[in-house]
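Student: Pasting a predicted model and its sequence here:
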Amino acid sequence: MNTPRIALLSEQKPAKLPDGWTRFSDLSDIVSVSVWDVVVIDQPYEVATESVFRLRCSSHYRYTLIYCRRSGDAPVVPLSDGPPPDDPEHIWSAWRQWSERMKAFNRGNPPEQFEERVLAWLWARPNALLEPQRDSKFYQFYRYPLLSAMVVDESVNQLVWLKLINEQGWLQPDELIDRIRLCSRCSSGRLNYVDVCPECNALDLVRQPSLHCFTCGHVASQESFLREGLLMCPNCLTRLRHIGSDYDRPLENYRCLSCQCFFVDADVEARCFDCDTRHSPDELKIREVRAFRLTENGRLRCRQGFAAGLQEAHFGRLNLIAMQAFNGLLDWQIQQSRRYGEMPKASLLLLKFSNLGETLDNTHRLALLDNLIDRIQETVRDTDRCSRSREDLLWFLLPNTDRDGMITLWQRLSGLTHLFQENDEFRIEIELAGYTLPDDLLPQEDAQLLMARLTGEVG
């Protein structure tokens, strides 16, 4: 189908509907069927927010393009794709791009598990963010509507899930939205901050001017020094005439009505409304509320599929190791090179593929990639270690390899481009860059800095 079927949800009937559009006044008429490719909602912000959430909870419209018309300064409706373009042809173009990405997701297999559903929604929208929404009814004040909508039969702790998926490298933190403090016992954000007496922790405090007698050192409220219109110390009965020589006004302007203590500043105590635990502010848990986006590793997983792990995908034949482990090995090799100087030598080689994304999207071109991977596997040694930091970047750590040995491998890998005929309408290009340790090391450079510098050489 060249043009999508578009449903318009609006209480008011427009003067004219574009071709291919059908108007509905009731959301249930849309949710009950799965025939609509795009949904456009024309409702007030609060109503539209609820409508979009219901559509996302439906298996028919979980990933569908949903546009919401805005009025005035109303924010973008959560989980929507923003306001609809003025030109209907732009909607058609966006829908065709969305369709292509959904076909490429998970090798054409529909998302099944919770994490697959979340990643599929983000994958279909290359610039989309997993964004938090403030909700005063929630005990931590922020929740992620997308995660709530993608839950089917699972029970998901959103914070724990985000931490785990972040550790796996599929999502990465983006913009910092807020920073909140939580109860150290129950993790609730419903806290009451109160001033308490630093001596007895009582709440009953009053602000009260006080005086300090220089003769005996007595400090008390100003009222207690007043006797028949004169200032007189209630402790030593000295008449106070001159401020600065007989008395002064101390900084202690607060008095506890429970223990009669005078003090400058009260202590602050945080009391949890949910479990009644009392904390000092430095005992509270601090949580940063952030948006999240797909990482390169996450996009790679979406493209290559979830049924088989990365080790079983095309590049898995190279015995890839995790990037964190690769960084650890490279850091160790850097330390070895610095400590022992010329021995042992080691090299780091980076191989960048161009047009790799187009290759993985086209099953007919996967044979080219398989052939290329086979040749790379024949070229590298069993002792070499390989990893991927991005979909198009392949790293080789070459122990006991000097510059001449690295250049030899470089030339062999560069020669693999001859596998593709000059008259092919599609080609996989290869770019390489490499360093030798310790010759090319900069002072204080570690694995991450070295890899970043090398990545810059291939663009």
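Tutor: Great, that's in hand. Residues are numbered from 1 along each chain as shown.

Student: And the helices in the stretch 201-350 of the chain?
Tutor: Applying DSSP state H, counting those that start in this stretch to the stretch 201-350 of the chain gives helices spanning 296-304, 323-340.

Student: Burial-wise, tell me which of those helices comes out on top.
Tutor: helix 296-304 (a mean of 20; mean count of other Cβ atoms under 10 Å). Bear in mind the C-beta positions are built from the backbone N, C-alpha and C, glycine included.

Student: Tabulate the CA atom coordinates of it in CSV.
Tutor: Provided in CSV are the C-alpha atoms of helix 296-304 (Å, rounded to 0.1, in the frame of the first residue of the first chain):
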residue,chain,number,x,y,z
GLU,A,296,24.8,1.9,19.2
ASN,A,297,24.8,-1.5,20.9
GLY,A,298,21.0,-1.2,21.3
ARG,A,299,20.5,-0.3,17.7
LEU,A,300,22.7,-3.2,16.7
ARG,A,301,20.7,-5.6,18.8
CYS,A,302,17.4,-4.3,17.3
ARG,A,303,18.8,-4.8,13.8
GLN,A,304,20.5,-8.2,14.4
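
Student: And the contacts of the lengthiest strand in the chain?
Tutor: The longest strand of the chain (DSSP state E) is strand 171-182. Strand 171-182 is contacted by residues 129-132, 134, 140-142, 162, 165-166, 188-189, 191, 270, 281, 284-295, 298 when judged by Cβ atoms under 8 Å, 6 or more residues apart in numbering.

Student: What residues of that strand count as buried?
Tutor: 171, 180, 181, 182 (16 or more other Cβ atoms under 10 Å).

Student: and the end-to-end length of stretch 140-158?
Tutor: 11 Å (Cα to Cα, to the nearest Å).

Student: Report the buried residues of it.
Tutor: By neighbour count on 16+ other Cβ under 10 Å, the buried set for stretch 140-158 is 140-150, 156, 158.

Student: cool, and stretch 55-62?
Tutor: Quick answer for stretch 55-62 (16+ other Cβ under 10 Å): 55, 56, 57, 58, 61, 62.

Student: Ok, stretch 128-142 next?
Tutor: Residues 128, 130, 131, 132, 133, 139, 140, 141, 142 are the ones in stretch 128-142 that count as buried (16+ other Cβ under 10 Å).

Student: So what pairs up with the nearest residue to the second one once chain neighbours are set aside in the strands?
Tutor: To tie it back to what came earlier, the one meant is residue 130. Once flanking residues are discounted, residue 130 sits nearest to residue 292: 4.2 Å by Cβ to Cβ, 6 or more residues apart in numbering. Under the criterion DSSP bridges, residue 292 forms beta bridges with residue 130, residue 173.

Student: Next, count neighbours for residue 292.
Tutor: 23 (other Cβ atoms under 10 Å).

Student: Just confirm it contacts residue 166, I think it does.
Tutor: Yes - counting by Cβ atoms under 8 Å, residue 292 does reach residue 166; the two are 7.3 Å apart.

Student: circling back to that earlier point, tell me which two of the buried residues of strand 171-182 sit farthest apart.
Tutor: Pairwise distances across those peak at 24.0 Å for 171 and 181 (criterion: Cβ to Cβ).
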